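Chemist: quick one, what's the 3D model for this:
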Amino acid sequence: MTAVDPTMPSRTKWLVRLLWALFVVRGIASISFLPLWEGFDEWGHYAAIQQMALHGWAAGRSDKVSKEVEASLKLVPGGFGSPLKYDDYWRLPPADRRAREEALQSIPIGWAAEVAAGGPKAYELQQAPLYYWTIAGLYRAIAQLPLLTRVWILRLAGLLLASMIVPLGFTVARTVMGDDPRALGCIALVVAMPQVTILVARIGNDCLAIPMGAFLSLAVLRWKRDPRSMSAAMGLGGALGLALLTKAYFLSAVAPVMILLLIRAKQRGAAREALAAASLSAAISAWWYIGNWVTTHSLTGEQIGIAARSDPLALAVAAVHMSWLRAGKFILLSHLWLGNWSFLEVRSWMYQFFELFALLSVIGLVLTLARRRTQPPSRGDLLALASLFAALAVAVAYDAVQIFEVQGGLGTFGYYLLGFAAAEAVLVVTGLEAVAPRAFAPAVAAAGVVCLTALDFFGAHFYALPYYTGLTVRAPDDRLPALRLSQLGSGGLRTMVERLSVNKPVFLSPPVMAALLLLLEMATVCLVLVAVLVAADRYKRRADAANSDQYGAEAFGAGFSTKS
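Modeler: Numbering: from 1, shown residues only. Modelled structure (predicted):
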């Protein structure tokens, strides 16, 4: 960060690095607690990495998973295709559970290279390839380690990639806000987002997509400021091209970026730079999408898109008939907190609480954009970030229509919106500060951090961890009750910690799990304290500015009186 901005105060650098460390510490606890294949599509992403590492360019979307993946899916609870849910797994006789655990630990290394003839397809090979290329090299280096160790290391690698959201997101916020404390508040909000932690705790391309979205946002802002800069133009083209090779949902960014290129090229006479940016982006990524279109007649090449492509009229009918209210609720729910493949949900009023503040932030952002502003954030910067986020929201809505038309399902995952998590934090903080009472505005980000960490704590400690370890079970109506504190007594906490180490690498013993649980609580408290400290700094700056203004007014008055 010093190389980027040598003038940044050392206190700001220290706080950014602290937030970065807290992101990683909380993430290490999460990757260690998460059961094997419980993460969204984790086994599919792992299988894609495995096939890419073993077969390179020859790996294709029709490839079957390895015998290793097929066997592991049958042995662990809760995963895709598992015959047992967590409720049933912990009801098994101890001898049966031990037999399953020993079978998982003893899966032959050689099975990783053998195809499971009757197994499922490694369907995540349909995804854009950059993440899989990045991780495949690491997989080759650790290919001889046991399965559970390999999974943990790949999770850690994804977490470290994802942690780049902290310095990149801070730079985005600082560029827009023009103020270190406000930017720190925004990135603390990103670190506190529960669904970000849930997503990056498992093997998956979101680990690269989330920081890539921040990188693209920053490139847009920098070229917007200096359209005649060829280096900024190439940076924007490179960022968009790499984003398109990371996740297909970044296709949504093409329209707002191209509109920005056209507008700024006309305003500033930067046609050459705009053409260079567009050309570089196409050179990096167009081959992938052209290949998808040639082979599947779908730009994304994904299953739902292929199935829905043939009848645009059917999509229009689906859009009319689907329940947008229910779809919207699930999108918001899965944007805030959704517990992996088990689809765990916290209490409905918690989601409604955040829905209210989401609405307030939208109102505040609209009011902000309607005003003439002389101080950061500028209307242009906010419009740039809002256009990226809004375009992605439209793409998510389109995906929901496709899913309804093909499968009859209501809604798609709202966690896709976290591709622009840094932009979202800036927009939410700006909007809420605009509608908050002036006395409370500096505390908006800190209050958001408190609310999000409370949601994360409650979801993880009262729903996810107890369910994964059998302390809570689903009712006949499929409702999952929250953990009661009384259940932690009489050895309940010890049981939870011991069971967290089941089906995990040998180094994740119960004492290590207990230490990680304690470390998670300490990191969460520290995150809240950092947010409060940043808010206190903003209040101090406001008070200093007010005192300075008052002193200036008094001096002006005295001088005027004397002169008179």
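Chemist: for residue 226, see how far away residue 126 is.
Modeler: Between residue 126 and residue 226 the computed distance is 38 Å (CB to CB, to the nearest Å). C-beta coordinates here come from the backbone N, C-alpha and C atoms, glycine included.
Chemist: between those two, who's got more neighbours?
Modeler: residue 126 (22 against 15; other CB atoms under 10 Å).
Chemist: now the phi/psi pair for the nearest residue to that one once chain neighbours are set aside, please.
Modeler: Excluding its sequence neighbours, the residue lying closest to residue 126 (CB to CB, 6 or more residues apart in numbering) is residue 61, at 4.7 Å. Per-residue torsions, residue 61: phi -60, psi -20 (degrees, to the nearest 10).
Chemist: would you check that residue 61 makes contact with residue 125?
Modeler: Yes - between residue 61 and residue 125 there is a contact at 4.8 Å, judged by CB atoms under 8 Å.
Chemist: shaky segments in the protein?
Modeler: 1-6, 58, 79-82, 308-311, 373-374, 549-564 (pLDDT under 70).
Chemist: in which helix or strand does residue 444 reside?
Modeler: helix 444-459 (DSSP states H and E).
Chemist: centroid residue for this protein?
Modeler: residue 196 (3.7 Å; CA atoms, centre = their mean).
Chemist: gap between that residue and residue 216?
Modeler: 17 Å.
Chemist: go on, residue 307?
Modeler: Residue 307 is 29 Å from residue 216, where distance means CB to CB.
Chemist: okay, those two: which has more neighbours?
Modeler: Neighbour tally, residue 307 and residue 216, criterion other CB under 10 Å: the higher count belongs to residue 216, 30 against 14.
Chemist: quick check, that one in a helix?
Modeler: Yes - assessed with DSSP: H, G, I helix; E, B strand; the rest coil, residue 216 lies in a helix.
Chemist: wait, isn't it in contact with residue 238?
Modeler: No - between residue 216 and residue 238 no contact is recorded; they are 9.7 Å apart, counting by CB under 8 Å.
Chemist: for the biggest helix by length in the chain, packing partners?
Modeler: With secondary structure taken from DSSP state H, the chain has its longest helix at helix 510-563. When contacts are defined as 3 or more CB pairs under 8 Å, 6 or more residues apart in numbering; DSSP states H and E, helix 510-563 packs onto helix 10-33, helix 180-192, helix 444-459, helix 492-500.
Chemist: tell me which of the ones you listed sits most buried.
Modeler: helix 180-192 (a mean of 27; mean count of other CB atoms under 10 Å).
Chemist: may I have the phi/psi pair for the closest residue to residue 144 other than its chain neighbours?
Modeler: The shortest distance from residue 144 to any non-neighbouring residue, by CB to CB, 6+ apart, is to residue 109 (6.1 Å). Backbone torsions of residue 109, given as degrees, to the nearest 10, read phi -60, psi -40.
Chemist: and residue 109, what does it touch?
Modeler: Counting by CB atoms under 8 Å, 6 or more residues apart in numbering, residue 109 makes contact with 143, 144, 146.
Chemist: quick check: nearest residue in space to residue 179, chain neighbours excluded?
Modeler: residue 376 (6.8 Å).
Chemist: quick check: the one you found vs residue 12, distance?
Modeler: From residue 376 over to residue 12 the distance is 16 Å, taken as CB to CB.
Chemist: residue 452 now?
Modeler: Following CB to CB, the distance that separates residue 452 from residue 12 is 22 Å.
Chemist: before we move on, what about residue 501?
Modeler: 39 Å.
Chemist: pretty sure residue 51 contacts residue 57?
Modeler: No - contact criterion CB under 8 Å: residue 51 and residue 57 do not qualify, at 10.9 Å.
Chemist: more neighbours, the two?
Modeler: Set residue 51 next to residue 57 and count neighbours by other CB under 10 Å: residue 51 wins out with 25 against 7.
Chemist: wait, is that one part of a helix?
Modeler: Yes - Residue 51: assigned to a helix according to three-state DSSP.
Chemist: what's the nearest residue to it if we skip its chain neighbours?
Modeler: residue 59 (4.0 Å).
Chemist: how near is the one you found to residue 113?
Modeler: In terms of CB to CB, residue 59 sits 13 Å off from residue 113.
Chemist: so which of those two has more stuff around it?
Modeler: residue 59 (21 against 14).
Chemist: residues contacting the closest residue in space to residue 91 that isn't next to it in sequence?
Modeler: Residue nearest to residue 91 in three dimensions, not counting chain neighbours: residue 470, with 7.7 Å by CB to CB, 6+ apart. When the contact criterion is CB under 8 Å, 6+ apart, the partners of residue 470 are 86, 87, 89, 90, 91, 499.
Chemist: thinking again about what came up before, got the contact list for the helix holding residue 444?
Modeler: By CB under 8 Å, 6+ apart, the surrounding residues in contact with helix 444-459 are 182, 185-186, 188-189, 192-194, 197, 336-337, 339, 344, 346, 350, 353-354, 357, 428-429, 432-433, 436, 440, 482, 524, 527-528, 531-532, 534-535.
Chemist: centre of the chain to the next helix or strand along the chain from it, how far?
Modeler: Sequence-wise, the next helix or strand downstream of helix 444-459 (DSSP H and E) is helix 465-468. Centre-to-centre, helix 465-468 and its host chain are 22 Å apart (CA atoms, centre = their mean, to the nearest Å).
Chemist: contact partners of stretch 334-349?
Modeler: 34, 37-40, 78-80, 85-86, 194-195, 198, 202, 333, 350-351, 354, 411, 413-415, 417-418, 455-456, 458-459, 462-464, 467-468, 480, 482.
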